[in-house]
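>>> Turn this into a structure:
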Amino acid sequence: MPLSEHEQRLFEQIERSLAEDPKFASAVRASDPRFHARRRLLVAAGVIIAGLALLVYGAVIKTPPLAVAGFVVMLASAAFAVQSHRRAQSPDLHVVGGTTSRRRPRGGRSGRRSSLLDRMEDRWRQRPEGHR
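All right, here's what the predicted structure looks like:
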């Protein structure tokens, strides 16, 4: 539904006044889950590069434990990056009052299994009355 001219002017005025307040802008940015996810991805990328350097250094000086440690660091950082990316893409991530909350599946089940059970329960509830 489009805004009226008056509502559009008010919206633009509010937008200008909010843009002039750096404290408000930093508070909004700090509570944005995408900002945190982007930061975690950048940190993970840096640690992957450090792990690669450790792996190469361990291979050059012929110290297998150091090279293996570099590989483990790379692997753990890549897993962290994938988890952060998935969490950022999740549709059930909400910002409420400056905090983030994430809906967890019931009973510790995985999200895929929980959604399957939820769909089956919905179908059971929506079945015709004659089949009960």
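
>>> Mind jotting down where the helices sit in this structure?
5-19, 22-30, 33-60, 64-89, 111-126 (DSSP state H).

>>> Let's have these in a markdown table, adding mean neighbour count.
Any C-beta I mention is one placed from the backbone N, CA and C, and that applies to glycine too. Formatted as a markdown table, these follow (neighbours: other Cβ atoms under 10 Å):
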| stretch | mean neighbour count |
| --- | --- |
| helix 5-19 | 10 |
| helix 22-30 | 11 |
| helix 33-60 | 15 |
| helix 64-89 | 15 |
| helix 111-126 | 11 |
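
>>> lowest-confidence stretch among those helices?
Lowest mean pLDDT of the helices of the chain: helix 22-30, a mean of 69.

>>> tell me the contacts of the residue nearest the centre of the chain?
Residue closest to the average C-alpha location in the chain (Cα atoms, centre = their mean): Ala88, at 1.9 Å. The contact partners of Ala88, by Cβ atoms under 8 Å, 6 or more residues apart in numbering, come to Pro33, Arg34, Ala37, Arg38, Leu41.

>>> I'd like those residues written out as CSV, with distance to Ile61 added.
Shown next, in CSV, are the contacts of Ala88 (distance: Cβ to Cβ, whole Å):
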residue, distance to Ile61
Pro33, 42
Arg34, 41
Ala37, 36
Arg38, 35
Leu41, 31
